[in-house]
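Undergrad: Turn this into a structure:
(4 chains)
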Number of protein chains: 4
Amino acid sequence: MSREVVKKGETVVLIDTSYRKYLVHTGGKTDKIKGVGVLDPTSLVGISYGMQIEVGSKKFWVLKPSLMDKLQCLKRKTQIILPRDAAQIIINCAIEPGHKVLEAGIGSGALTIALANAVAPDGRVVSYDKREDFIKHALKNLKTVKLDKYVETKNRDVTLGIEEKELDAIILDIPNPWDAVGHAWNALKTGGYLCTFSPLSSQVEKTVREIKKHGYIEVKTIENIQREIIVSEHGIRPSFNMLGHTGYLTFARKILL
Amino acid sequence: MSREVVKKGETVVLIDTSYRKYLVHTGGKTDKIKGVGVLDPTSLVGISYGMQIEVGSKKFWVLKPSLMDKLQCLKRKTQIILPRDAAQIIINCAIEPGHKVLEAGIGSGALTIALANAVAPDGRVVSYDKREDFIKHALKNLKTVKLDKYVETKNRDVTLGIEEKELDAIILDIPNPWDAVGHAWNALKTGGYLCTFSPLSSQVEKTVREIKKHGYIEVKTIENIQREIIVSEHGIRPSFNMLGHTGYLTFARKILL
Amino acid sequence: MSREVVKKGETVVLIDTSYRKYLVHTGGKTDKIKGVGVLDPTSLVGISYGMQIEVGSKKFWVLKPSLMDKLQCLKRKTQIILPRDAAQIIINCAIEPGHKVLEAGIGSGALTIALANAVAPDGRVVSYDKREDFIKHALKNLKTVKLDKYVETKNRDVTLGIEEKELDAIILDIPNPWDAVGHAWNALKTGGYLCTFSPLSSQVEKTVREIKKHGYIEVKTIENIQREIIVSEHGIRPSFNMLGHTGYLTFARKILL
Amino acid sequence: MSREVVKKGETVVLIDTSYRKYLVHTGGKTDKIKGVGVLDPTSLVGISYGMQIEVGSKKFWVLKPSLMDKLQCLKRKTQIILPRDAAQIIINCAIEPGHKVLEAGIGSGALTIALANAVAPDGRVVSYDKREDFIKHALKNLKTVKLDKYVETKNRDVTLGIEEKELDAIILDIPNPWDAVGHAWNALKTGGYLCTFSPLSSQVEKTVREIKKHGYIEVKTIENIQREIIVSEHGIRPSFNMLGHTGYLTFARKILL
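TA: Model (predicted):
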């Protein structure tokens, strides 16, 4: 097997033995990294990817950051859309390389990262948020994982209108998606998908009623639940710890009226 | 809004008012299509995408096939991996444009389509199956949706060895994944992902025990459950009809030993 | 082991090899019983309980009807509260022998049977329904399983008031439970429990808001989900067939204001 | 409404504003009660049930202990069977007043309390445990809630045999239920129910295979999952916090061979 070594200027992920992850830019200065300890990032250059290194008394595997690493290392400033829901959004909105999609709001940029990764290398994500500070924070996260080049941010309120046209998909993660459903209709291309993410079933009810006023087809709402399964020496069972709810996902599709 | 019309030689999806879907190649001959009726496919040329047409007494929207349309129109010869699980596989294996992934077996080609779509335009899917008839059937499905160019099929038993090297991900949907876990280790690149799909928890137990004998990290098993939510004039509630189980997904990642 | 035989006048349950169940009164006349065939019920007298008999070409075990047999043999005229939810109602409302409980409406009498069984031998169930035909039908079900002596029915609308006082528990299975929440407060004893059963989350929202206007404590809503697990020669897994939803159960408790 | 006051010698439940519960015997001496503070229990005598009192700076409602209060106040020394599962056991085993049931092991006595409550006033619970200390601890819990008179404990290993005959139900909560399935067959009455509780699906598989070697009918395994639903001023949604798993419940029924 060919070995690949860490090169100067690359960003690597350090994974500890509990599988906690830390993104480290090898071009940085010696610093204390929370959860890792004091580290001179340049010391990582030349190490073979996949090796386990020691920093202080802790051990870390050094890997090239995958999409999951990027998502799991995200600095959160808001509630985020988890990978499990991002995955359902991407497949149900049929997002693929080359697509042009809009999301609002950007939040911490978690879904943005997943979308940017899915539309690369020649697609584009447009991301609206009313709050400039969220956009700044999300852009920082996007730059860390080098996906900012696929993303255009706009400090706009999506409920006041959408400037783009002929979008392949629009994903609304805002408290009042019903106020943007009409704008989405105008901005989507024929056959394009609308998705709304809402934690409350009362939000879903209001959104779906609004969606049905327009011409959307294939309207459906799903709840995606994930259980972890534990395999120990004793046997196998679902985990006692479980996230009971994230949010409801509503999908709809534009046709020609 | 710009209107786009169906061009000669394109494949379109017809969607009826119950959202059942039918892929139709506009270059075909007049034929009886099950669920649609007798149709001259060339008559679709020139129609605006997004319009609703009549075939006999039934109405159909005409759309460009999205990934979801492709997956939902698949001709099944076997149990298939559903889009909900394909989505989790793609995100948890961090599959993205450019990746080289292997799956075994090919089954009816459902996961193959989702994988091909995710690695396009410059990635590749290698697909093993012991049964030549499954490969033939899956290839037909892949050709229908024009994704066959991203897929290489091999009439091989994955438990006897894997020829490829430096794979980004390997997905095993076979009755005895434990027999291929060691081969997968050798064929994966550093940081690459192994995924196994098994309906039985007894299969998961055996697979995870085998995985743990090798050096894989980040071993985890999940069960992904999806509930549909119904919004009617009366209010909102989960659907009474529910698919109670599909299969367990186990993930693991290769490092350097 | 002592053998007990079927005595004249008893009601037995016949269970076929697919575990479908039929209550048969041994005092009846020869008749065609749907699912069983033509049977002279008196021919069952003298047979040992637990034996398998033949009726025509089908085989049936003969057993004394247990509570589950009674619930599973109920003739349905309405949606019923299933045993799984009845069980949660009984334990969360702390219903036990000697208690006096009210339910509204009676529906087909499914919950009534479970409640009557739980409060026997010295408790009592009062059951309201606006529809006389439901009461008649439910009483027939109750008589078949000989639990009618613990139940008093009233052809009343519970949202217009409750005549009883000092009730241990009140269970509301009506479309608008919020309209009876105030009456329930007056009719419950101190420490007594209110329970409402609603399929829609929009109903729950309205009910809980009304409950919170009164002095109830320990207000909680649960959804009880049941999956069947299949053990075959191949291994073990959850069943593919699943009832995705029955209804939400809200509980609250009265104190002294 | 008639007011009832706390009488000398009664045991009451104190419920704080977060609905944490504390059983207090009014005949006890002044003591520091964890979670309550220093309290002279005799000071509770004469207080109206349902009133809220102050102890130090905390407020508590004073109520007669219901079954739920008793179950929630149990002192745990082991993993316990939760009320949600106890409810399913009682209804699926068709346990009712007058029944004679056996459980093994007794654990902390949680299921024992629910069973004793269900078979009272004229039924009986026999409870085996290999460990004398568990029996002692469970008996203390049973005495606190005054249900010990319905329970007979035996310091025995149920896998070595069952002394009782003609039992209405047997509930096995032991690591190796398969070893007692045969003994259970001999000890059950015709039509009686066997129930096993196991956290691991590998345990279920082994138990069901053993059950099928005997003549049991109506063999089924269920998993009971409970989600809490949150109603806030914003709307309604499932709780984020959820207990992902308790255990699998297997039921079977004896007939005459």
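
Undergrad: helix, strand or coil for whatever residue of the stretch 1-150 of chain A ends up closest to chain D?
TA: At 10.1 Å from chain D, A:Gln79 is the closest residue in the stretch 1-150 of chain A, using Cβ to the nearest Cβ. No exception for glycine: its C-beta is placed from N, CA and C like everyone else's. At A:Gln79 the chain is in coil, as set by DSSP: H, G, I helix; E, B strand; the rest coil.

Undergrad: Could you report the pLDDT at the nearest residue to it once chain neighbours are set aside?
TA: Once flanking residues are discounted, A:Gln79 sits nearest to A:Gly107: 7.2 Å by Cβ to Cβ, 6 or more residues apart in numbering or on different chains. pLDDT recorded at A:Gly107 is 94.

Undergrad: repeat for A:Ile33
TA: On the pLDDT scale, A:Ile33 gets 89.

Undergrad: Report how many residues lie close to the nearest residue to it once chain neighbours are set aside.
TA: Excluding its sequence neighbours, the residue lying closest to A:Ile33 (Cβ to Cβ, 6+ apart) is A:Leu39, at 5.6 Å. Residues near A:Leu39, counting by other Cβ atoms under 10 Å in any protein chain shown, number 20.

Undergrad: Spell out which residues sit in contact with A:Leu39, please.
TA: When contacts are counted by Cβ atoms under 8 Å, 6 or more residues apart in numbering or on different chains, A:Leu39 touches A:24, A:30-33, A:55.

Undergrad: Kindly indicate which of the residues you listed lies nearest chain B.
TA: Among those, A:Val24 lies closest to chain B (Cβ to the nearest Cβ), at 15.1 Å.

Undergrad: So the closest one belongs to a helix, correct?
TA: No - A:Val24 is assigned strand when assessed by three-state DSSP, not a helix.

Undergrad: correct me, but it touches A:Ser43?
TA: No - contact criterion Cβ atoms under 8 Å: A:Val24 and A:Ser43 do not qualify, at 10.3 Å.

Undergrad: More neighbours: which of the two?
TA: Between A:Val24 and A:Ser43, counted using other Cβ under 10 Å, the more crowded position is A:Val24 (23 against 13).

Undergrad: any idea how far that one is from B:Gly105?
TA: Distance of A:Val24 to B:Gly105, computed by Cβ to Cβ, to the nearest Å: 39 Å.

Undergrad: now A:Met51
TA: For A:Met51 relative to B:Gly105 (Cβ to Cβ), the value is 34 Å.

Undergrad: Contact residues of the stretch 51-200 of chain A facing chain B?
TA: A:51-52, A:61, A:63-64, A:66-69, A:83-84, A:86-88, A:90-92, A:94, A:96-98, A:114, A:117-118, A:120-121, A:165-166, A:189-191, A:193 (Cβ under 8 Å from any Cβ of the partner chain).

Undergrad: Format the contacts of A:Leu39 as TSV; extra columns: secondary structure and distance to C:Pro175.
TA: Formatted as TSV, the contacts of A:Leu39 follow (DSSP: H, G, I helix; E, B strand; the rest coil; distance: Cβ to Cβ, whole Å):
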residue	secondary structure	distance to C:Pro175
A:Val24	strand	59
A:Thr30	coil	68
A:Asp31	strand	62
A:Lys32	strand	61
A:Ile33	strand	58
A:Val55	strand	63
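
Undergrad: can you tell me the residue of the stretch 1-150 of chain A closest to chain B?
TA: For the stretch 1-150 of chain A, Cβ to the nearest Cβ, closest residue to chain B: A:Gly50, 3.0 Å.

Undergrad: swap in the stretch 101-250 of chain A?
TA: Proximity of the stretch 101-250 of chain A to chain B (Cβ to the nearest Cβ) peaks at A:Thr190, 3.5 Å away.

Undergrad: my guess is A:Glu164 meets A:Lys189, correct?
TA: No - shown here, A:Glu164 and A:Lys189 do not form a contact pair, counting by Cβ under 8 Å, at 10.2 Å.

Undergrad: The two - which one has more neighbours?
TA: Each of A:Glu164 and A:Lys189 has its neighbours counted (other Cβ under 10 Å); A:Lys189 has more, 20 against 17.

Undergrad: got the contact list for the nearest residue to A:Gly105 once chain neighbours are set aside?
TA: Distance criterion Cβ to Cβ, 6+ apart; nearest residue to A:Gly105, sequence neighbours excluded, is A:Asp129 at 4.1 Å. Residues near A:Asp129 by Cβ under 8 Å, 6+ apart: A:104-107, A:135, A:138, A:153-156.

Undergrad: roughly how far apart are A:Leu257 and A:Ile217?
TA: In terms of Cβ to Cβ, A:Leu257 sits 11 Å off from A:Ile217.

Undergrad: So if I had to pick from these two, which one is more boxed in?
TA: Using other Cβ under 10 Å as the criterion, A:Leu257 and A:Ile217 rank with A:Ile217 on top: 16 against 9.

Undergrad: re the thing from before, and the residue of the stretch 101-250 of chain A closest to chain B, that one's in a strand?
TA: Yes - according to three-state DSSP, A:Thr190 belongs to a strand.
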